[in-house]
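> One predicted model, sequence on top.
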Amino acid sequence: QVQLVESGGGLVQPGGSLRLSCAVSRSIVSFNTMAWYRQAPGKERELVAGLISGGNTNYADSVKGRFTISRDDAKNTVYLQMNSLKPEDTAVYYCNVRTVLAGDYYDYWGKGTLVTVSS
């Protein structure tokens with residue numbers, strides 16, 4: 001079983017920065033994609049940033065130019081650098097890794113870390 005543990009959330013003022021980390025219990029090289037999602041109160045979970053094993057990235061329009069997803073294979077860790085934070089970025093942020101085998105998707109999730117952007 002794969003375990004993911006997020007960290008780095010907290011309270012930050014508008015315009016500030018945070019870096020989220022996602023420690024994965026096995027080599028992240030084995031996964032096809034890595035991603036960060038978020039869920040704000042009363043809203044559905046949404047994709048924030050994705051990283052494909054070949055290196056391509058994609059971002060939600062609302063975070064483009066402000067957030068950056070990256071990985072450290074040696075540490076089996078996925079990061080989300082968040083700059084110029086806005087109150088609307090407040091949410092629980094979840095890490096996700098996915099393996100694709102014979103056309104089937106296997107998703108693994110962390111329990112989330114809360115980010116609150118407020119003055």
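All right, it came through fine.

> Need the residue closest to the centroid of the protein.
Central residue of the chain (C-alpha atoms, centre = their mean): Trp36, 2.3 Å from the mean position.

> residue contacts, Phe31?
Val24, Ser53, Val97, Arg98, Thr99 (C-beta atoms under 8 Å, 6 or more residues apart in numbering). Where you see a C-beta, it was placed from the backbone N, CA and C, and this is true even at glycine.

> now with 7 Å?
Phe31 makes contact with Ser53, Val97, Arg98, Thr99, according to C-beta atoms under 7 Å, 6 or more residues apart in numbering.

> Kindly report the same for Asn83.
Taking C-beta under 7 Å, 6+ apart as the criterion, Asn83 is in contact with Ser17, Arg66.

> Now do it, the pLDDT please.
On pLDDT, Asn83 comes in at 98.

> max-length strand in this structure?
In terms of residue count, the longest strand belonging to the chain (DSSP state E) is strand 91-101.
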